[in-house]
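Peer 1: here is my input; please provide its structure:
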Amino acid sequence: MDITTLIPQFGGFVWTLAAFVIALSVIVAIHEYGHYIVGRWCGIKADVFSLGFGPVLYSRFDKRGTKWQIALLPFGGYVKFAGDSNAASGKDEGAMEQVAADPVRLRETMHGAPLWARALTVVAGPVFNFALSIIVFAFVSMSLGTVSEPLTVEAVKPLPNAVEGLEQGDVLQAIAGRAIPESTQTPEYREFMDALPLEPVLEYTVLRDGQSVTVDGPYPQPALVGGVGPQTAALDAGLATGDVIVGIDGMPTFAFQQLKDAVEGSEGRPLLLDVWRAGETLQFTLVPKSTDEPQPDGSFVNVLRIGISSDGAITPATELPGLLQAAENGVAGTWRIIKGSLSGMWHMVTGAISSCNMSGPVGIAQVSGAMASQGALSFINFIAVLSTAVGLLNLFPIPALDGGHLTFYAYEAVRGKPPSDKALRILMTVGIAMVLGLMMFALFNDLFCP
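Peer 2: This is a model prediction of the structure:
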């Protein structure tokens, strides 16, 4: 075997691993810092803040006596609060007795702090994950801007057989004789676009230099690749953002709807795509994959997809959203992921969709690499998505997760005392087994699901 053939594969593996480690490290650092800083505010002392597990590569002590360290295995992290290791291992019982005899020192431990302080410290990890997502989505919203209204042409995308009628600054009033809705963010706009004649050249009415004029322009939803999803047929075949599909199995194509119809009607057979890329026509063969696609009502529909999103023929003018609007966009984006995740899990549990929709570490690593390869903004956006998922998972009432600890605290609040040590040991063992089982199941999906 020629070893040079392995270099691209090795490079791709290194890139994927690096992207995964960076994404996971950011999310874990934010999560654990939430535990640490809220615990500190609540008067609980932290002995160790570790990013990673295993042998320590670097460490230092701060003025509060907390050891900050980076460990060899960058696949997680933890905060060890005062008294944690002793309670867990049963070692150094004499030291624990001294702490218990000193009310001030006992108050600084996780076990000796009031119930409210422990609960706030535990819930802070997931809350900080959600906060990271909100901030990132707000940042992305401000970076991309919001479409100006009325709809105004900033630029016309480069397309094969380009129609030269539209110009920068044109205010769109009508297409094919149909008035454009006032807002692009309404269901009416979607209905308007779907109702347009399926023709490569349409008549546009625009406001130009104060006058209403009619010009020719391209079909507004061409078969233009706006983005390529991870773990998809399009990514495997080599399609890229900016590609224009001009033919499917020898049939000319100009609209994204034509591509969608061809994929859905393919019955899973290979498709030959003629692709226009920067003035050159290339050919790609790919096989559509069966996908459980979420619907607006929360249900799922199994459809064939190749894994690309569409882009419009026109780049619209945008405006910078205000901080309040950006924050609202951040909250809405985070809430959308939470709802989608819960809906997906429920449909998997009930058997409505395949359990192969659950990804494990290998799948997440592959997505990390794919998103990083599409640019910094895509990668940052993915970190926000993953941060929301991590925060949500940690709130599940499973012993060994943050949600499990909160469940114990709720029990303590109702009964006036915590569960017995024996019950806690049994429940924690069960919880760890559940988490490991879930991880193994997800890893199995990564390795054996199509």
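Peer 1: in contact with Pro158, which residues?
Peer 2: By CB atoms under 8 Å, 6 or more residues apart in numbering, the contact list for Pro158 is empty. Where you see a C-beta, it was placed from the backbone N, CA and C, and this is true even at glycine.
Peer 1: buried stuff in stretch 436-447?
Peer 2: Under the neighbour-count criterion of 16 or more other CB atoms under 10 Å, stretch 436-447 has Ala442, Asn445, Asp446 buried.
Peer 1: what helix or strand is Trp116 located in?
Peer 2: If you go by DSSP states H and E, Trp116 is part of helix 115-144.
Peer 1: that helix packs against which elements?
Peer 2: helix 7-41, helix 323-349, helix 376-394, helix 402-415 (3 or more CB pairs under 8 Å, 6 or more residues apart in numbering; DSSP states H and E).
Peer 1: out of those, which is the most enclosed?
Peer 2: helix 376-394 (a mean of 20; mean count of other CB atoms under 10 Å).
Peer 1: by how many degrees do that one and helix 115-144 diverge?
Peer 2: Between helix 376-394 and helix 115-144, the angle comes out at 160 degrees (axes from the mean of the first three to the mean of the last three CA atoms, to 10 degrees).
Peer 1: just to revisit the earlier point, quick one: contacts of the following helix or strand past the helix holding Trp116?
Peer 2: Next helix or strand after helix 115-144 toward the C-terminus (DSSP H and E): strand 146-147. Residues outside strand 146-147 that contact it (CB under 8 Å, 6+ apart): Thr184, Gln185, Pro316, Ala317, Thr318, Glu319, Pro321, Gln325.
Peer 1: could you pull up the residues touching the last one?
Peer 2: Think Gln325. Ser141, Thr146.
Peer 1: that one and Glu319: what is the separation?
Peer 2: Taking CB to CB, to the nearest Å as the measure, Gln325 falls 10 Å from Glu319.
Peer 1: ok, now the first one?
Peer 2: For Thr184, the distance to Glu319 under the criterion CB to CB works out to 13 Å.
Peer 1: isn't Leu202 up against Leu172?
Peer 2: No. Leu202 is beyond contact range of Leu172, at 11.3 Å (criterion: CB atoms under 8 Å).
Peer 1: nearest residue to the middle of this structure?
Peer 2: When the chain is reduced to its mean C-alpha position, the closest residue under CA atoms, centre = their mean turns out to be Val385, at 2.4 Å.
Peer 1: which pLDDT value does the model give that residue?
Peer 2: Here, the pLDDT recorded for Val385 equals 95.
Peer 1: cool, Leu273 as well?
Peer 2: 96.
Peer 1: over to the one 5 residues further on?
Peer 2: At Ala278, the predicted lDDT confidence score is 88.
Peer 1: what lines up beside the strand or helix carrying Val275 in the sheet?
Peer 2: Take DSSP H and E as the rule and Val275 turns out to sit in strand 271-277. As defined by DSSP bridges, the strand partners of strand 271-277 come to strand 244-248 (antiparallel), strand 280-286 (antiparallel).
Peer 1: I'd guessed Thr205 sits against Gln211; true?
Peer 2: No. Thr205 is beyond contact range of Gln211, at 11.0 Å (criterion: CB under 8 Å).
Peer 1: now do the contacts for the residue nearest to the centre of the chain.
Peer 2: Ser133, Ile337.
Peer 1: gap between it and Tyr78?
Peer 2: Separation of Val385 from Tyr78 (CB to CB) stands at 23 Å.
Peer 1: what's the answer for Phe49, then?
Peer 2: Phe49 is 8 Å from Tyr78, by CB to CB.
Peer 1: then Ala423?
Peer 2: 23 Å.
Peer 1: between those two, point out the one with more neighbours.
Peer 2: Tyr78 (17 against 12; other CB atoms under 10 Å).
Peer 1: how far off helix 115-144 does the strand or helix carrying that one point, in degrees?
Peer 2: Tyr78 belongs to strand 67-81 when assigned by DSSP H and E. Angle, strand 67-81 to helix 115-144, by the same axes, to 10 degrees: 130 degrees.
Peer 1: give the rounded mean pLDDT of strand 67-81.
Peer 2: 93.
Peer 1: sorry, back to before: filter the contacts of strand 146-147 to the buried ones?
Peer 2: By 16+ other CB under 10 Å, the contacts of strand 146-147 give Thr184, Pro316, Ala317, Pro321 as buried.
Peer 1: just these now: which is nearest Gly279?
Peer 2: Pro316 (24.6 Å; CB to CB).
Peer 1: ramachandran angles for that closest one?
Peer 2: phi -80, psi 150 (degrees, to the nearest 10).
Peer 1: what about it, distance to Gln374?
Peer 2: 21 Å.
Peer 1: which residues are in contact with the closest residue to Phe81 other than its chain neighbours?
Peer 2: Among residues not flanking Phe81 along the chain, Met110 sits closest, at 4.1 Å (CB to CB, 6 or more residues apart in numbering). By CB under 8 Å, 6+ apart, the contact list for Met110 reads Gly39, Ile44, Phe81, Ala82, Gly83, Asp84, Arg118, Thr121.
Peer 1: is it true that the second one touches Thr121?
Peer 2: Translated: Ile44. Yes. Look at Ile44 against Thr121 with CB under 8 Å: they come within range, at 6.0 Å.
Peer 1: give me the common contacts of the two.
Peer 2: Contacts common to Ile44 and Thr121, judged by CB under 8 Å, 6+ apart, are Phe81, Met110, Ala113.
Peer 1: now the last one: how far from Pro74?
Peer 2: Between Ala113 and Pro74 the distance is 30 Å, computed by CB to CB.
Peer 1: ok so, going back, can I get the helices and strands packed on helix 115-144 in CSV including distance to Gly265?
Peer 2: Below are these laid out as CSV (distance: least, CB to CB, whole Å):
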stretch, distance to Gly265
helix 7-41, 33
helix 323-349, 25
helix 376-394, 30
helix 402-415, 44
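Peer 1: mind telling me which of those the model trusts least?
Peer 2: When the helices and strands packed on helix 115-144 are compared on average pLDDT, helix 7-41 comes out lowest at a mean of 85.
Peer 1: confidence-wise, which helix or strand of this structure is lowest on average?
Peer 2: helix 84-89 (a mean of 48; mean pLDDT, DSSP states H and E).
Peer 1: report the buried residues of the strand holding Val275.
Peer 2: Applying 16+ other CB under 10 Å to strand 271-277 flags Leu271, Leu273, Asp274, Val275, Trp276 as buried.
Peer 1: show me what contacts the second one?
Peer 2: Leu273 makes contact with Ala237, Leu239, Ile245, Gly247, Ile248, Gln283, Phe284, Thr285, Leu286 under the criterion CB under 8 Å, 6+ apart.
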